[in-house]
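Trainee: here's a sequence, model it:
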Amino acid sequence: DPEENLGLAFGLVTAAGLSTTFGAALVFCDRFFTLANNEILGAALGFSGGVMIYVSFVEIFQKSVTDFEACDCLWDGADEEDSA
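Mentor: Model prediction:
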């Protein structure tokens, strides 16, 4: 039942939105920028970029391949006839 996870989904979306708001609010805090140096910011950007690449190429790509294989409307079997 899709409504069972409605509260969890709403909570996760709210937490993501609040964490984005908190991160954006740090821009206006002068103390944050005095504590952060180029090495820390570079490491944080590298880590977040790595997470984005992982999610894009591992999670989403595997799901799309599975969905394309399950859909019979995209392939008409021409590749199988060419290889025979």
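Trainee: give me the pLDDT value at Asp79.
Mentor: Looking at Asp79, its pLDDT stands at 55.
Trainee: low pLDDT regions in the chain?
Mentor: Along the chain, the model assigns pLDDT under 70 to residues 1-2, 73-84.
Trainee: can I get the lengthiest helix in it in CSV, CA atoms only?
Mentor: Identified as the longest helix of the chain according to DSSP state H is helix 6-25. Output of helix 6-25 as CSV, limited to C-alpha atoms (Å, rounded to 0.1, in the frame of the first residue of the first chain):
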residue,chain,number,x,y,z
LEU,A,6,3.7,8.4,3.1
GLY,A,7,4.8,9.7,6.6
LEU,A,8,8.3,8.4,6.0
ALA,A,9,8.5,9.9,2.6
PHE,A,10,7.2,13.3,3.8
GLY,A,11,9.7,13.2,6.7
LEU,A,12,12.7,12.5,4.5
VAL,A,13,11.7,15.2,2.0
THR,A,14,11.3,17.7,4.9
ALA,A,15,14.7,16.7,6.4
ALA,A,16,16.3,17.1,3.0
GLY,A,17,14.8,20.5,2.5
LEU,A,18,15.8,21.7,6.0
SER,A,19,19.4,20.5,5.5
THR,A,20,19.6,22.4,2.3
THR,A,21,18.2,25.5,4.0
PHE,A,22,20.7,25.0,6.9
GLY,A,23,23.6,24.7,4.4
ALA,A,24,22.5,27.8,2.5
ALA,A,25,22.2,29.7,5.8
